Every structure is written in structure tokens, then in C-alpha cells.
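1. fold the stuff below for me.
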Amino acid sequence: MTRATGAVGRSPLVRVATDARTDAGEAVVTAAQEAADSVPVVRTGPTGITTYDPLVMLTKTGQTVFVDDPPPSLVRDLVATLEDGTLPTDEAMAVVDHDPETTTLPTPESGPLSVGRRAVLGPCGWADPLTPADWSFVSADRTAEAATESGILGRGRGDAAADDPVADVWETTREADGDSVVVVNANDASDLPGPDETLLAAAPFAVLDGLAAVAQYVGAEDAVLFLNEAETPLHRHLQRAVDAAAETLPVVPQLVAGPDEYRAGEPTAALEALEGADRIEPRLQPPSPAERGLYGRPTVIHTPRTVAQVRQAIRTPEQVDSDAADPGTRLVTVTGDVAAPATVELGSDGSLDTVRDAVEIGGSFKMACVGGVLGGITRDLDVAPTAQSLRAAGLGTDGVVELLADDRCALATVGERARFAATENSGRCVPGREGTTQLAELLRDVYDGSFETDKLRELGRVMRRSSNCQIGAHAPRPVTTALDEFEPEFRAHTDGRCP
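-> Got it, this is the predicted structure:
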């Protein structure tokens with residue numbers, strides 16, 4: 001890793017890790033700046049651990065003190081102590097020794113920040129997200145060709161190569177006729193937070209750098225960063241990042257806002273939105289977007305976390321096991337019945353169960369929904385966080401794990417998701433349009449004493465196999481996996497009893 005030339009390489013230094021899209025850390029940042037005279041104060045992006053937002057980190061000669069959510073009065077005292085040449089440790093949540101020149105966040109030995117590893121997430125909370133000097137840009141002199149042998153798979157429902165090798169899509173685009181374009185699809189209107197949000201807030205340069213590397217490899221001179229129109233603070237943050245890095249990046253994306261609709265996050269539906277279509281619905285395939293995508297041009301569509309993984313594979317190819325079934329790492333946001341959500345990074349040799357160490361759940365753990373709003377229901381999280389292992393367990397790969405406590409009803413939980421699918425589907429295909437409605441009705445019938453498990457499973461099988469859209473195909477997953485785990489609880493409702 002090249003040495004940073006900006007604030008990251010300085011010592012002593014005060015960092016305030018907080019989400020720039022909110023005002024949560026503004027008073028803390030102001031207090032630190034007012035108290036500082038000779039010591040630089042840097043507002044970094046969020047670490048991904050929201051319970052630590054804002055997080056103040058005071059560094060001196062290879063040692064960093066972590067203080068979470070301090071009042072402004074304490075911040076002034078901490079900075080004043082550091083100004084006097086002493087590292088304040090009395091109020092510390094943790095004190096970590098590290099390489100003085102590190103450009104990634106040094107992690108404590110315990111607590112949420114110690115969960116998993118921090119490779120792609122490494123700069124988050126540590127490097128200034130809007131100062132290019134604190135980053136080393138791989139796209140300045142390298143393309144994604146260096147990542148073609150890594151075997152990285154696409155990540156997230158918004159990726160046209162989700163759970164498939166991205167290099168295959170790139171080759172299709174390179175061979176197709178026409179001027180290619182790269183789209184980074186960050187429009188996710190789900191109520192659940194996701195890992196892409198953390199990356200865009202804390203490491204926008206990693207996303208822009210990975211995008212540019214892919215664009216160069218496929219020969220694209222045009223690129224788009226597709227955002228949700230409701231996230232206006234994030235738009236402003238990302239536009240500042242684009243402007244700051246414009247002279248460094250070989251390909252500079254255009255920021256485009258799309259509708260605040262869940263269906264618009266599907267890759268080809270995103271193309272429809274970008275083209276200004278009145279009705280947002282997924283396209284029939286083939287041809288794939290890689291052959292005929294945005295305005296008929298060969299198009300690569302990735303999520304922010306995919307291009308960030310690509311950048312990581314280019315920077316540190318020796319750390320990516322290309323022989324693994326799912327090379328690289330997986331970013332997972334943990335939410336649900338928790339005190340505060342957290343985004344963690346897991347290696348393919350780890351266990352999804354470790355995400356529970358990153359949050360505090362309100363009550364006893366009962367079940368989890370893995371893979372977003374239409375993920376799979378499970379009692380057991382002892383599964384590798386790889387695409388192959390998650391699919392084999394009937395779970396989703398969208399990078400969100402909801403931990404649900406023992407006061408949750410399994411039937412009500414999946415019923416809400418079935419109604420969501422019935423509302424949000426595009427209506428283009430019969431299995432998506434009618435199947436989701438029938439699924440919700442069959443679940444409502446349980447409360448009236450009719451529990452037709454065979455019909456639920458058969459409907460789910462048909463929808464999975466014949467739906468044109470992801471919503472129709474994935475809507476049965478919460479239901480069928482919950483049946484596997486909680487069928488007696490479903491049956492109890494036919495007698496008017498909720499266990």
C-alpha cells in the first residue's frame with residue numbers, strides 16, 4: 001500500500017468518524033476544531049458500526065485512543081490534552097497500538113469493530129472520504145485486467161452479475177458491438193440499510209476508483225452512478241467526491257437519481273429508469289445488459305460493493321484466493337431487532353454467526369432473515385458467508401442479515417414480506433403479478449383456519465422457476481424457509497393461537 005500524503009499520515013491527529021449525511025457528529029466535530037490549535041482535526045466517514053457514531057479517535061506516534069459518542073465538553077478536554085503532548089486514555093473505549101503509517105483503521109481486540117476483518121472496509125472511518133491525497137487510486141495506472149484472474153463474483157441484487165464471475169460479463173461487453181458504458185447501481189429503496197450505503201458514505205473514492213478501472217478494461221468512456229432520488233444528502237456528498245477526484249480518475253461518472261422504488265433497484269429495471277421510462281419494470285432476457293443495455297449499448301452493471309471488491313483485488317491480488325468458490329470478502333449489514341445496525345466484513349472461511357457479535361439484540365434470538373427483505377428465514381447462522389453456501393442453505397446473498405427476537409411471530413414476519421412483494425412487483429409477468437398476491441392470500445387464510453402447506457410450496461416452486469423479475473422469484477423464499485423452521489407455529493394459528 002502506498003503511503004498517504006494527506007492527513008492520514010500525520011501524527012498527532014484527531015479523527016471524528018461520523019456519517020456526513022446526518023448532523024449526529026456535527027457538534028463533536030465543531031468542538032474538536034474549536035479546541036485544536038496545532039493538531040489537525042479530520043472528519044472521516046462512518047466506520048459501519050453505528051453504535052459508535054460519532055467515534056473520536058486520537059492518534060499519537062503509532063497509538064490511537066477510541067472514544068465513542070462523547071459529549072462536546074469531553075471532546076474539548078481530549079483535544080486539549082493531545083495538544084499538550086499527552087494521549088488521553090482515561091475515557092478510552094479502547095487503546096490500540098499500530099503502524100504509524102497505517103492507512104486503514106486499526107481495530108481493537110474486542111467489541112463490534114473487531115468482528116470479521118477490515119479489508120474493503122479498512123479506510124472507512126480512518127481516511128478522509130473527500131480528500132484524494134489520503135487514497136491511492138489504482139485506476140490512475142491500471143485497469144481491471146489485474147482482477148480478471150481473481151474470480152470475484154458480483155454482489156447484491158442490483159448487480160447484473162450477482163453471484164457470477166464479473167470477468168465473464170466484462171468479456172461479453174468487450175466483444176459486443178457499440179460503445180460500452182458502466183453503471184454502478186446504488187439505487188436500493190429497501191427500508192433495510194445495506195453495505196453499499198456504508199461504502200458510499202465512508203469510501204466513495206474506492207467505489208469511483210473501482211468503477212474507473214472496470215470502465216477502462218471494457219473500453220467505456222461513459223459511466224453512471226445511479227442513486228436513489230430520496231437520498232439527497234448522499235447525492236451532495238458523492239458529487240463532492242466526484243469533483244475532488246475528477247482530475248485523478250481516468251473515467252468520471254455522471255450522477256443520476258432514480259425513483260424511490262424497490263423495483264428500480266433490479267439491474268434492468270434500473271436501465272429503464274435511466275432511460276426515462278414511465279413504467280419501471282425488468283427487461284426480458286436475452287439479450288443481457290452486457291450485450292444490449294443502456295440505450296442499446298453494451299453495459300456493465302455493478303453495485304458499489306462489487307467495484308470496491310474489484311479495486312481491492314487490483315491493489316492486493318495476493319490477498320485474494322482465486323481458487324476459492326467465492327473469492328474476496330462479503331460485506332454484511334446486521335439489522336432487525338438490534339440496538340443499532342452494523343456493517344461488517346467477513347472472509348469466505350468464516351461463519352455468518354459472527355455477525356451477532358457486532359450488535360446488541362433486544363431480547364433472545366429467535367430467527368434471522370438472511371438476504372434482505374425477501375431473504376431466507378433460519379434459526380442457524382452457522383453457515384459460510386459465500387454465495388454458494390448461502391444458496392445451498394436456502395438463504396439470500398444480498399448482504400443484509402436481520403436478527404429477530406423471540407417476540408416475533410414467524411407467520412406475521414413472512415406475511416409482511418409477501419404483502420411487500422405483492423405491492424412492489426412490476427406486474428410484468430403472471431408469476432410475479434398474480435403469484436405474489438396468491439402467496440399473501442394463502443398466508444392470510446392461515447388465520448382463518450386454512451393451512452395449505454403443499455399449495456404454498458408448489459406456488460413457491462412455480463414462482464421461482466417462471467418469474468421474469470427478482471421479486472417474483474424471491475418472494476416465496478421467506479415463506480418456504482420459515483415453513484421448514486416453524487411449521488408447528490403456522491399450524492397453531494389455525495386454532496387461533498399465536499405461540
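2. what residues sit buried inside stretch 310-319?
-> By 16 or more other Cβ atoms under 10 Å, the buried positions in stretch 310-319 come out as Val310, Arg311, Gln312, Ala313, Ile314, Arg315. No exception for glycine: its C-beta is placed from N, CA and C like everyone else's.
3. mind checking which helix or strand the third one is in?
-> Taking DSSP states H and E as the definition, Gln312 sits inside helix 304-315.
4. show me what that helix packs onto, helices and strands only.
-> Applying 3 or more Cβ pairs under 8 Å, 6 or more residues apart in numbering; DSSP states H and E, we find helix 304-315 packed against helix 195-202, helix 204-218, strand 329-336.
5. hang on, the earlier thing: now, which of the buried residues of stretch 310-319 sits nearest Leu352?
-> Gln312 (20.5 Å; Cβ to Cβ).
6. model confidence for the residue nearest the centre of the chain, exactly?
-> Central residue of the chain (Cα atoms, centre = their mean): Pro195, 1.7 Å from the mean position. On pLDDT, Pro195 comes in at 95.
7. do the same with Ser467
-> The per-residue pLDDT of Ser467 was computed as 89.
8. quick one: it from Ala206, how far?
-> Counting by Cβ to Cβ, to the nearest Å, the gap from Ser467 to Ala206 is 34 Å.
9. poorly predicted segments of the protein, please.
-> The model of the chain has pLDDT under 70 over residues 1-10.
10. name the residues linked to Glu345 by a beta bridge.
-> For Glu345, the beta-bridge partners are Leu331 (DSSP bridges).
11. how about the buried residues of stretch 310-319 in TSV, adding distance to Thr64?
-> Formatted as TSV, those follow (distance: Cβ to Cβ, whole Å):
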residue	distance to Thr64
Val310	29
Arg311	25
Gln312	23
Ala313	28
Ile314	28
Arg315	23
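12. picking up where we left off before, okay, Ser467 and Ala206: which has more neighbours?
-> Regarding Ser467 and Ala206, a neighbour count based on other Cβ atoms under 10 Å identifies Ala206 as having more, with 30 against 24.
13. let me know whether the more buried one touches Val310 as I believe.
-> No - taking Cβ atoms under 8 Å as the definition, Ala206 is not a contact partner of Val310, at 9.8 Å.
14. look at stretch 146-155 and report the distance between its end residues.
-> 19 Å (Cα to Cα, to the nearest Å).
15. buried ones in it?
-> Buried residues in stretch 146-155 (16+ other Cβ under 10 Å): Ala146, Ala147, Thr148, Ser150, Gly151, Ile152, Leu153, Gly154, Arg155.
16. contacting residues for the fourth one?
-> Counting by Cβ atoms under 8 Å, 6 or more residues apart in numbering, Ser150 makes contact with Ala167, Val310, Ala313, Pro317, Val320, Ser322, Pro327, Gly328.
17. now the fifth one: phi and psi?
-> To tie it back to what came earlier, the one meant is Val320. Backbone geometry at Val320, expressed as degrees, to the nearest 10, gives phi -110, psi 120.
18. what count of nearby residues applies to it?
-> 22.
19. look up how far Glu91 lies from it.
-> From Val320 over to Glu91 (counting by Cβ to Cβ), the distance is 39 Å.
20. ok, now the first one?
-> Plainly put, Ala167 is 49 Å away from Glu91 if you go by Cβ to Cβ.
21. could you do the last one as well?
-> Distance of Gly328 to Glu91, given as Cβ to Cβ: 37 Å.
22. between these two, which is the more surrounded one?
-> Taking other Cβ under 10 Å, Gly328 and Glu91 do not tie; Gly328 has more neighbours (29 against 16).
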